[in-house]
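J.: The following block contains a protein sequence and its predicted model.
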Amino acid sequence: MTLKLRQGQVWKRDDDFIRIVHLEKLEVKYKTMKNLESGEGEHRTSTKKEFCRLLKTYTLLPAKRGAPSTEEEDTNVPSVGE
């Protein structure tokens, strides 16, 4: 099973959150946060390969209803264990 990376996705591990801010062909810009409500956090950039390795320890949160889709920005991400 593979997942698709999309701008705006929020991933969670314990009390940490990651939100994808911008996707490029080989690079991901994301924000790490401790609290989704406040939105305070640190902006980071990594390669897609590094980012996908990081996500193996995170769980994708369900998208909010009415969130815009960015189909053209999709990227296959191998599921954990592949």
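T.: Sure, I can see it.
J.: Which element, helix or strand, includes the residue most central in space within the chain?
T.: Central residue of the chain (Cα atoms, centre = their mean): residue 20, 4.2 Å from the mean position. According to DSSP states H and E, residue 20 maps onto strand 16-23.
J.: So which residues of the protein form strands?
T.: For the chain, strands defined by DSSP state E occupy the ranges 2-4, 10-13, 16-23, 27-33, 41-47, 59-60, 76-78.
J.: In a markdown table, list the ones you listed along with distance to residue 53.
T.: Placement of C-beta: from N, CA and C, glycine included. Output for the strands of the chain, formatted as a markdown table (distance: least, Cβ to Cβ, whole Å):
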| stretch | distance to residue 53 |
| --- | --- |
| strand 2-4 | 14 |
| strand 10-13 | 13 |
| strand 16-23 | 13 |
| strand 27-33 | 11 |
| strand 41-47 | 9 |
| strand 59-60 | 15 |
| strand 76-78 | 10 |
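J.: give me phi/psi at residue 14?
T.: Phi and psi for residue 14, reported as degrees, to the nearest 10, are phi 50, psi -120.
J.: burial count for it?
T.: 7 (other Cβ atoms under 10 Å).
J.: Please point out which parts of the strand holding residue 20 sit buried.
T.: 17-20, 23 (16 or more other Cβ atoms under 10 Å).
J.: Just the closest of these to residue 61, please.
T.: Proximity to residue 61 was ranked across the buried residues of strand 16-23 by Cβ to Cβ; first place goes to residue 17, at 8.1 Å.
J.: Could you report the separation of the residue nearest to residue 21 when sequence neighbours are not counted from residue 51?
T.: Using Cβ to Cβ, 6 or more residues apart in numbering and skipping the chain neighbours, the partner closest in space to residue 21 is residue 29 (4.6 Å). As defined by Cβ to Cβ, to the nearest Å, residue 29 lies at a distance of 10 Å from residue 51.
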